[in-house]
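Trainee: Got a sequence here, can you model it:
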Amino acid sequence: MHIKPIDLVTGWTGLIRALPATGRLFSPPLPIKTFEKKSGHAHVVVLLLNKMMNCGLLTEKNVPVPLKSIEVDLQVKGHVATVSSTLQYVNEEERPLEAVFVFPMPAEAALCHFRAKVADKEIVAKVQEKEKAREEYDDAIASGDQAFLLEESDESTDVFRLSVGSLPPAQSAAVTFVYVTELSVQADHALRFCLPAVLNPRYTPPDKLDPPCTSDFPLSTEGYKRCVTRALPLPKDTGTGGGIVSEITSSPAGVPYSLSLTAHVSSPNPITKVESKCRLEPLMFLNADHTSAKVSLSAGHMFDRDVELFLYYQNAHQPTAIVEAGEPTAQPGTLMGDPVVMISLYPEFPSALMSSVTSCGEFVFIMDRSASMRRLMHRGEDEQMRIESARDTLLLLLKSLPLGCYFNIYGFGSQYESFFPKSVEYTQETMDQAVKRVQEMEADMGGTEILQPLKHIYSQQCIPNQPRQVFMFTDGQVRNTKEVISLVRNNAESHRCFSFGIGEGASTALITGMAQEGGGHAQFITGTDRMQPKVMQSLLCALQPVVVDVGEVWSVPVGMSATRLSPPINTIFQGQRVLIYAQLKGESQSSDSEGRVTVTYRLAGQDVTNTLSYSLKPAENTGLSIHRLAARSLIRSLEQDEQNEGAEKEALKARVVELSVQAGVSSSHSAFIAVHKGSGEAVKGPLLRKRVPTGGMCLMKETKKMSFFSGCHFQRSYYYECPEPQIEEDSGGSVEAFKTPLLQLIFLQKASGCWEMDGALVEVFEKTEVEVVKQTPAQVEKGVWATVLALIWLHGFKMDAQVEWQFVAMKAVTWIRNQKVVSLSESVRAGNDLLGCQVKEEDLGL
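Mentor: Residues are numbered from 1 along each chain as shown. Prediction:
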């Protein structure tokens, strides 16, 4: 069998399985090839990689998948979103069908409603303990009844599987699921909504794999410039209880179903604008004060990337509180029967404490060097591979570190390596060594094994008086998400973890989970986002003084009490939102209609207090969304407690199931089940099973000097790994390696913060050496003159990128001050004349 690499996108695959009458998958799993009819089973066709133009979910008759369309209704109230998605299925086969759709969902979302409509009958799902729900589903489809099962992956909280069972021939079904989620706050104060569309295959560590099979297929690469990076072979299934993440499938030619999305946005403050990286219809305001608006996704959207909306409100950066009344039919004293309050705080640190940043710390940068990092960040102008953007980012980080700190850089894939045996002091020599190694970095280390490098880092002793700060960069494709997060949580007292999800499909559960458990914060770099600004925002947080001794005091009227539902606050950053949920028990015995919460902490040795007073009057038309988010928060805390050694796992599981059923939200131990009783006859013969591909995207960069290996090995690792193109590049510490003048200037800076006057620096200024020497002020050293010019150039030409070079400039200013320059004002005037700028001395920080 001869397999060619696909010409454009990644190896998202589909498969078709035949089931016996029990509704369970037969075993063992089948290798990738075309099978002839087997006794007791229907003709089975799985991924045909040698027919790349038709790659995806196909039967032997090239029949498309049964999912026809997805319709999304988004309701945003302030910074809480309710998302309703309706999936339309049609069985175009000649026999009963089971459709399976594995899809992503924001890790912070609370799935709270699921219903199915078949013909004119609507069935609302109920939440049950997961194994019980699976058994009911299997029994239903074996009996010929129509059944629907929606469950969270055991491996990762951001992956769900929807099973639509026993659809008769020519029958259609519409399934609707609803979830609520908090909108994250961006650096420019926008609120970000993301509808995940891309679900990347998840890497499985070698110690979790089944024994390899012996199937080897040759890979011809003649005439091809792009290569399949990953595709999934058939997983080892055990019916509906099989691993969900291992079932991820996708279509390299795009998904064969359509997407429509309409958003209704309301806010107490006026809405100023709504932006997206996708094409939108014009924003329509629904009232005169612009507090209500509607916007839709333009027709023809290709579901090959996440759909992001950025909402901008006036005065959005303000503390708020929302009190939501309990469910009238629920028992008072229970979570759903009592009011719940959601507090949003934006702590502001005293300016005196924020005027300077720390000059110490151990900075550990962990960079994903797996094959998927060869994908493009985006198509079009200024396109870069992910690994290229990562190299630029590491250069910026290295140049921004303060003298006196310690650092190390790790690269990981199927294995890992570090630049130094242990973290080293930041000096000119160690910085030069690291910069040279960064320029040589390639995405050449195979899979994505995050756990082992983290274990190695945590096993090393911390450096006294040098707080450890870990920066993790990955495209977030692992199957052992919970294991990784548990490791970070168990070492939270020894470090802070800042995580970065690169590209479409990065796991929100992994990226946000690592940051939350590690006391840092998460950033996602998608579409045309540039990695450098977001990483430097995180570095600013890492250099802020560490907040300690965080506490809170709740004040409510006599007769009432407040019970915290969200986990304790362990991290506070300047200006970033802190969310707190609490259950308000009892009834007020006074006329006081206000509550108050006070958050206290110590910062740089000083006590700081933030207080918010709020009305106890419940908000209107919230639809129990606050209760469900609070329940989700409490459930996630209990699930994390299960991972602890010595935990009473059965008791915690029972509590999780109880809360999940009571609140009607999903959990790792429960599932939504809906059965249409009496809707059909018992299945006779096989039930066709189809997996619906999720959107996936892998754009490999075309290079001029490229040679390919000639082999590609298929192993039972849940991946179809193709060798990466080998790039013949000149490496070494060269300024020409960086494409933009800004990066070239930063590359030339010394660890101390100064620049030396040389030809490369003069070229960045677009001047001749003669011009620069002629304008040099009298009695000013060359290093001072070069550093002043660099600062003027940054302020005069690169203010739009100030977040990227702010630490570089701070180091330069500190260096100049230490030189005690007498004629500094004259140097600034001469520099402005030379470069054609009008930058004031005080603007430079001098």
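
Trainee: use CA for all of it now, contacts and neighbours both
Mentor: Will do.

Trainee: separation between the closest residue to Gln749 other than its chain neighbours and Val808?
Mentor: Spatially, and ignoring its direct neighbours in sequence, Gln749 is nearest to Trp755 (4.9 Å; CA to CA, 6 or more residues apart in numbering). Using CA to CA, to the nearest Å, one obtains 11 Å as the distance from Trp755 to Val808.

Trainee: the strands in the stretch 451-600 of the chain, which residues?
Mentor: 468-474, 496-502, 522-525, 547-555, 560-564, 578-586, 594-603 (DSSP state E, counting those that start in this stretch).

Trainee: what's the distance between the residue nearest to Gln749 and Thr393?
Mentor: From Trp755 to Thr393 the distance is 20 Å (CA to CA).

Trainee: Neighbour count for these two, which is higher?
Mentor: Trp755 (25 against 21; other CA atoms under 10 Å).

Trainee: just checking, that one touches Leu789?
Mentor: No - the pair Trp755 and Leu789 does not pass the contact test of CA atoms under 8 Å, sitting 9.2 Å apart.

Trainee: who touches both of the two?
Mentor: Overlap of the contact sets of Trp755 and Leu789 (by CA atoms under 8 Å, 6 or more residues apart in numbering) is empty.

Trainee: Helix or strand: which one has Val341?
Mentor: Using DSSP states H and E, Val341 sits within strand 340-345.

Trainee: hmm, I was thinking of Ala81
Mentor: Judged by DSSP H and E, Ala81 forms part of strand 80-90.

Trainee: Show me what that strand is packed against.
Mentor: With contacts taken as 3 or more CA pairs under 8 Å, 6 or more residues apart in numbering; DSSP states H and E, strand 80-90 sits against strand 67-77, strand 172-182.

Trainee: Among those strands, show me which one is buried the most.
Mentor: Of all the helices and strands packed on strand 80-90, strand 172-182 has the most neighbours on average by mean count of other CA atoms under 10 Å, namely a mean of 21.

Trainee: Which strands or helices does the helix or strand just after that strand pack on?
Mentor: Once the chain leaves strand 172-182, the next helix or strand it forms, by DSSP H and E, is strand 184-185. Under the contact criterion of 3+ CA pairs under 8 Å, 6+ apart, strand 184-185 touches strand 191-195.

Trainee: what's the strand it packs on in contact with?
Mentor: Contacts for strand 191-195 (CA under 8 Å, 6+ apart): 79, 81, 105-106, 183-186, 306-312.

Trainee: Give the buried residues for the strand holding Ala81.
Mentor: 80-90 (16 or more other CA atoms under 10 Å).

Trainee: What strands flank the helix or strand following it, and is each parallel or antiparallel?
Mentor: Proceeding N to C from strand 80-90, the next assigned helix or strand is strand 97-104, under DSSP H and E. Sheet pairing of strand 97-104 (DSSP bridges) gives strand 159-167 (antiparallel), strand 687-692 (parallel).

Trainee: how about low-confidence regions in the chain?
Mentor: 1-66, 197-257, 302-304, 353-358, 476-477, 678-738 (pLDDT under 70).

Trainee: Might you report the residue contacts of the residue positioned nearest the centre of it?
Mentor: The residue lying closest to the centre of the chain (CA atoms, centre = their mean) is Thr508, at 3.6 Å. Counting by CA under 8 Å, 6+ apart, Thr508 touches 106-107, 158, 476, 501.
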